[in-house]
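J.: Here's my sequence, what's the structure:
(chains A, B, C, D, E, F and G)
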Amino acid sequence: MQPFPAAGYDKGISIFSPDGRLFQVEYAREAVKRGTTSLGVKSSEGIVLVVDKRPTSTLVEPKSIEKIFQIDEHIGAATSGLVADARNLIEKARLESQINKITYNEPIPVEMLAKKICDLKQMYTQHGGVRPFGSALIIGGVNDTGTRLFETDPSGALIEYKATAIGAGRAIAMEVFEKNYNADIKLSEATELALDAIYEATDGKTTKESVEIAVVEEKNRKYRQLTENEIEDLVEELLIRKSKEEEEEEE
Amino acid sequence: MQPFPAAGYDKGISIFSPDGRLFQVEYAREAVKRGTTSLGVKSSEGIVLVVDKRPTSTLVEPKSIEKIFQIDEHIGAATSGLVADARNLIEKARLESQINKITYNEPIPVEMLAKKICDLKQMYTQHGGVRPFGSALIIGGVNDTGTRLFETDPSGALIEYKATAIGAGRAIAMEVFEKNYNADIKLSEATELALDAIYEATDGKTTKESVEIAVVEEKNRKYRQLTENEIEDLVEELLIRKSKEEEEEEE
Amino acid sequence: MQPFPAAGYDKGISIFSPDGRLFQVEYAREAVKRGTTSLGVKSSEGIVLVVDKRPTSTLVEPKSIEKIFQIDEHIGAATSGLVADARNLIEKARLESQINKITYNEPIPVEMLAKKICDLKQMYTQHGGVRPFGSALIIGGVNDTGTRLFETDPSGALIEYKATAIGAGRAIAMEVFEKNYNADIKLSEATELALDAIYEATDGKTTKESVEIAVVEEKNRKYRQLTENEIEDLVEELLIRKSKEEEEEEE
Amino acid sequence: MQPFPAAGYDKGISIFSPDGRLFQVEYAREAVKRGTTSLGVKSSEGIVLVVDKRPTSTLVEPKSIEKIFQIDEHIGAATSGLVADARNLIEKARLESQINKITYNEPIPVEMLAKKICDLKQMYTQHGGVRPFGSALIIGGVNDTGTRLFETDPSGALIEYKATAIGAGRAIAMEVFEKNYNADIKLSEATELALDAIYEATDGKTTKESVEIAVVEEKNRKYRQLTENEIEDLVEELLIRKSKEEEEEEE
Amino acid sequence: MQPFPAAGYDKGISIFSPDGRLFQVEYAREAVKRGTTSLGVKSSEGIVLVVDKRPTSTLVEPKSIEKIFQIDEHIGAATSGLVADARNLIEKARLESQINKITYNEPIPVEMLAKKICDLKQMYTQHGGVRPFGSALIIGGVNDTGTRLFETDPSGALIEYKATAIGAGRAIAMEVFEKNYNADIKLSEATELALDAIYEATDGKTTKESVEIAVVEEKNRKYRQLTENEIEDLVEELLIRKSKEEEEEEE
Amino acid sequence: MQPFPAAGYDKGISIFSPDGRLFQVEYAREAVKRGTTSLGVKSSEGIVLVVDKRPTSTLVEPKSIEKIFQIDEHIGAATSGLVADARNLIEKARLESQINKITYNEPIPVEMLAKKICDLKQMYTQHGGVRPFGSALIIGGVNDTGTRLFETDPSGALIEYKATAIGAGRAIAMEVFEKNYNADIKLSEATELALDAIYEATDGKTTKESVEIAVVEEKNRKYRQLTENEIEDLVEELLIRKSKEEEEEEE
Amino acid sequence: MQPFPAAGYDKGISIFSPDGRLFQVEYAREAVKRGTTSLGVKSSEGIVLVVDKRPTSTLVEPKSIEKIFQIDEHIGAATSGLVADARNLIEKARLESQINKITYNEPIPVEMLAKKICDLKQMYTQHGGVRPFGSALIIGGVNDTGTRLFETDPSGALIEYKATAIGAGRAIAMEVFEKNYNADIKLSEATELALDAIYEATDGKTTKESVEIAVVEEKNRKYRQLTENEIEDLVEELLIRKSKEEEEEEE
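T.: The predicted structure follows:
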């Protein structure tokens, strides 16, 4: 990945390499790439966030693997990378959200919230004595400017997506999205697409326990995590769909 | 454990290695692995915490080996790793607990307390001039959302478990749990299971002096350390059980 | 580019090399050179800013690739380099602009704003514990002293231009400007020139989705981003013009 | 002592080695091991502290070799390691003790005092820019929970002992204690045992000038340093006892 | 330039080399030597400052190349070296000047202003965490003690000159001054001398666009930048004078 | 002096070497060993301090070589090592002394003063960003607990002596003291003994100009520097005594 | 000058080498040795300060080469070494002097002022993040304790002299003083002696422009710089004296 040796430029915090790169930021991105896959899809009716949370042990309480978070009534986030870093960012996001509500008496716009998180991240890439955050976030929500879906990386860069993925399965999931995404899809179709993507990105290891799904619907602008029953139904459909596809392929 | 040499990335505090790892955090985890075994089990009636505290000398007052702590009326913790770091974290946990009681006039939720400890730990992994805490904690208690059992590691990650173990005997204890744990067990069964696990994890070196046991019961939401007599009876039963098992195996 | 080896002078922040260079600043300039091309052209009727924002994926919302920003009613900026650094600078510019309006009850002069940004940048090259900003800005606007167009680099140097470019395509774009720029051109001609330059600098990969255009007109001193329709028309004309040119060249 | 080379992990302050050790803390322990021997023994009637203070020159005023200190009316301490570090800790202990008296109008519990010293020590192992304290302390006293005897090391760990020793002669003295200690001994027997231990730990070089002895008695909860006459009598008895023992051994 | 290798003494900020040199200061002087040529000449009627500001591109607005600055009504400065550093120093000089006016109700003496700039520069050579300023300044003005002309370098040293030059052409310009300077010259003669010097120092590349000229006259104590017409006339005369000289030399 | 190589442990400030030593403190002791010889002797009538102050040039004002200082009415000090460090410590001692007088309305006890100096020295061995003091002090005086004589070294250790010496001649002077010191000596005998020691420690190079002598007498508790006449008489007697001794030895 | 290699002890600020030296201070002394020669001589009627200030160019205003300074009405100073450091120290000295006048309503004693400067210098040798001052000062003046002449070096050491010299010519000048100085000389003789010394120290390159002379007379306790005429006369006499001496030598 590095055409010429890093030679020390990657050890000091917040310094440039001769070709203008910030190695600490690039290494923090590696921490994200080692994380589980999380994704978000935007539809004409709202956004859906899906995360892969296969527990490492049956003794783990699956609901404690927090990779999907409510930030405000109308905003949710899916994370990948260092979990403690992500939690830290989510708490700051919730605080910013509440401050906005109190100050302006209205919900914080999704984009403004995403930018505040990115500003914090950028600061941790420019000052000494700290390291960048080792987490990426997909932030999605609905407000007056419609349904919005953002992705932030450890550098503090911010990009709005129609559908995106972070973590180990990003490349595979993005391929699925690029092939099948369509801006006019309904929320239910977006959920199906997201599940297809997580299925591919996790080598087909998707079960009803291994995914968590949240949506923010355009009509009520409310974040809601799907119930276990809803997820069970969706995963069942997914598996039927996938086994059919495979049959078709075999034919 | 390290496929390619750490090459200095592990000497600076809070910097990433090229593959996105934080070596100081991983080394702090090693400090935990060198610690004695502590464990916690959740039952339908409350949680039980058990620690191995075999003293290094007969001159040591066994009760001074603090590996199990009351944090609040309804929360306890078992620790492993650097003992001074653990004590420091426990004191901060107690303070947070009291602040919550004074501010909201109600006991702090177990999860909120666990998160506050994790936030502190995370901060010590991201800023220069400090090292991560070299301690893991099992935090258990009962509150409005039921019986809860959390584990935190030096990175500040937080996972909720049905049953878990930290320290040198973690692998063996987890194996015992995975084989025998059952979500419907009573507290007395959970205690037996925990003692079985500590027995295996310490190579059968469990005596009535070498363990300390605490429970938080669902019915009264009170932390209580078992008396010497109670422990004596439990260990006696354990040893009978184990000698029977061995007899059976021999047959 | 470096006649004798940097030998460590480029690792410490804010120190001089034996020949009086600040390597960290030069490396930050490399970060700008790795960026996309942005440009600005001054005309007798106002300024035009054009940026290349070809998204890396069709899933990206093109409007979220922010490389062109409104700073105040009468000032805009086009950036290249690290996007998070640029956003940080833009926010500070907006704040300075508002402070000026509140304090003096009049719009901030373009030059004063540009200088404040440069002072901030300079500070990040002289003090330890921070790195220089990895972004260049083209700042353009209209005020009592007429139409102004400035460029700042990571060192905090400030130069006023008739037409300028930053990022990967700077050299090619500047060549286009030097050949064809004329101080008396109208704003529409300046826009055409800018599009010609971006076309050359991006190897002819200009489409209606890949550019964003903003103008500040002398007559009303208002920043305005062109609509999709306006851009579509301009790019269509550009492509016709270019295909004619090529035909002529072939003849 | 170090199976694989320390390789720089021991030079930075407060960082972990790959196997989870804090070398600076371990090296500070070496500073304690280079110190003179100090010990404490708990009896049913109170505690006794004994230190070896053989002066290096006849010109030294023996009473100025401070290795045994009164902290409060009811608490004393014996130290080993860097003497200036020890004095610093003792002063902080005295201050904590007075603060407690003023705040709560009652003597500070021995354990609370010991913990406060340990918290301070722990802090010096986790933050940069300082080194750990190069001193161990044996803290003994009497309060409502009875006679207490604690030992702290440079890591800030705290253990309660029946009888313990620090410094160069620790191993030999502990052996004496483990062979002869009995929880029911009177204070006079504890003093004899302590003198036996110091005699062995100093290769029989105990004279009436070379030891200092302090007791805190259960009946009055008062710290008291023995007078020169008392020490003279005790050492005389010790030497008679020891010469008898040797005669017996020879027989 | 360095008889024995710098061997690391030049990497830490503000430390001495074995032979008592401050390498960072010497390297900052190199940054000045890489700058364009600026000069100042004192006459019986006031001072004149001349700078070489040949733009690197025809697209640059020549007036934005700031190398000559008004500091106060009666003081001007010409700079060479890092332009952002120079602007920073000029702003501080202007502030000091205003503070003096407000505090004492009279214009700041030229020497006092020059010393304040030098004190600031010295501070940046003695404290860690900053680098020296990479700029030299020629500060000239008229006050109660007459016409004054100072030069400061990155070390913070201050010397008063009759005529001086900084930047790449310093050596050549100083030679011209030493040959032709005369303390009784009028301001017009001083301006001619300065233009001769800049002509020689820039290899005869002086045009009416490439120089900027400012004067502070003794009679009114006012700083004034010459108009384009004035400069045009002066450069025309210069070129005629120079071509005559060359003819004469040829003869 | 160092059985195994220091290997970097001596370069960082305030860190331990693997065998528990603080090299910076040991090197500061070397600075003391390079200093001139200073000594103090306690008698039944008070203390005497003697320093060797042979000037390096006849142009030096001998009285300006300050190695003996009055700290308070009843306390004096003799120093060796870095003179600027010593003066700094003496000033702090004087301040502490005055603060005590103002606060408690009575002279500061000699021991308390000595401890305060040592606490300051200890602090400079434990915190980063400073170096230890390169000075040792002999502090002597008279107060309610009688005549006291203390020695402090760079580590902040404090020892009370009957007679002691610091600096290059310490070993020789201590030998003289150990052979001839007697606790019942009068002040005049103590002075003779001190002069004998300085004579031996300086290879017999003692003249009336080369020594300075101060006493604090028990009867009036006043510090007093001897006059030139007094010193002249004492040195004359010394030289007669010494030449007799040598004659006797020769016989 | 360094018998064994500095091996890194000279790179960190304010740390001791194994043999107890502070290299940064010794290197700062080298900066002084590279400076021009300055000297001071004490007479029965006051002190005289003489400095060598040969300008490097005829364009320099000789009066701007500040090597001799008035600190207060009754105190002057001559400096050598880094000129910006010296100016910084002189300003602090002037401030201390004014503070004393305001606080105690009387002129500051010469010795107290010299000590304050030395305390500042010492501080810059003991704390990290700064370098020692690269300047030596000769401070002379008249107060109630008579005529005083002090020399301070970069370590902060302070010595009072009858006559002394700093800078490149120190060794030669001191030789002249040691041969010819006499405590009973008048001020005029002291001035002659000082001029002889500077003549020798500068290889006979003394002219009326190259020296600056200041005196503080005992009778009026006023600092006064000699006028150009006075200096012209003194140098003329010097040169006559010297040419005679040479003639005599030749004979």
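J.: give me the element residue A:164 is part of.
T.: Counting by DSSP states H and E, the element that carries residue A:164 is strand A:163-166.
J.: Then residue A:185?
T.: Using DSSP H and E, no helix or strand contains residue A:185.
J.: contacting residues for it?
T.: With contact taken as C-beta atoms under 8 Å, 6 or more residues apart in numbering or on different chains, residue A:185 is in contact with A:43-44, A:193. For the C-beta atoms, the positions are set from N, CA and C on the backbone; glycine is no exception.
J.: count of residues packed around residue A:203?
T.: 9 (other C-beta atoms under 10 Å in any protein chain shown).
J.: Now it. Its backbone dihedrals?
T.: Per-residue torsions, residue A:203: phi 60, psi 30 (degrees, to the nearest 10).
J.: Would you tell me which residues of the stretch 1-150 of chain A are close to chain C?
T.: Within the stretch 1-150 of chain A, the positions adjacent to chain C are A:8-9, A:12, A:14-22, A:115, A:118-119, A:121-123, A:125-129, A:150 by C-beta under 8 Å from any C-beta of the partner chain.
J.: Would you mind listing which of those residues are buried?
T.: A:9, A:12, A:14-18, A:20-22, A:115, A:118, A:121-122, A:125-126, A:150 (16 or more other C-beta atoms under 10 Å in any protein chain shown).
J.: avg pLDDT for the helix or strand hosting residue A:178?
T.: According to DSSP H and E, residue A:178 maps onto helix A:170-180. The average pLDDT for helix A:170-180 rounds to 96.
J.: Which residues does it contact?
T.: So helix A:170-180 is contacted by A:33, A:37, A:39, A:41, A:162-165, A:193, A:196-198, A:200-201, C:57-59 (C-beta under 8 Å, 6+ apart).
J.: quick one on the thing from earlier: any bit of the strand holding residue A:164 sitting next to chain C?
T.: Yes - residues of strand A:163-166 contacting chain C under C-beta under 8 Å from any C-beta: A:163-164.
J.: What are the boundaries of the helices in the stretch 51-200 of chain A?
T.: Under the criterion DSSP state H, counting those that start in this stretch, the stretch 51-200 of chain A contains helices at A:83-104, A:110-126, A:170-180, A:187-201.
J.: Nearest to residue G:188, out of these?
T.: Proximity to residue G:188 (C-beta to C-beta) singles out helix A:110-126 among those, at 65.7 Å.
J.: any idea of the mean pLDDT in that closest one?
T.: Regarding helix A:110-126, the rounded mean pLDDT is 94.
J.: who does that helix touch, helix- and strand-wise?
T.: Contacts defined by 3 or more C-beta pairs under 8 Å, 6 or more residues apart in numbering or on different chains; DSSP states H and E place helix A:110-126 against helix A:83-104, strand A:135-143, strand A:146-152, strand A:158-160, helix C:83-104.
J.: Can you tell me how far the nearest residue in space to residue A:142 that is not next to it in sequence is from chain F?
T.: If the residues on either side of it in the chain are set aside, residue A:142 comes closest to residue A:221, at 4.6 Å by C-beta to C-beta, 6 or more residues apart in numbering or on different chains. Between residue A:221 and chain F the computed distance is 53 Å (C-beta to the nearest C-beta, to the nearest Å).
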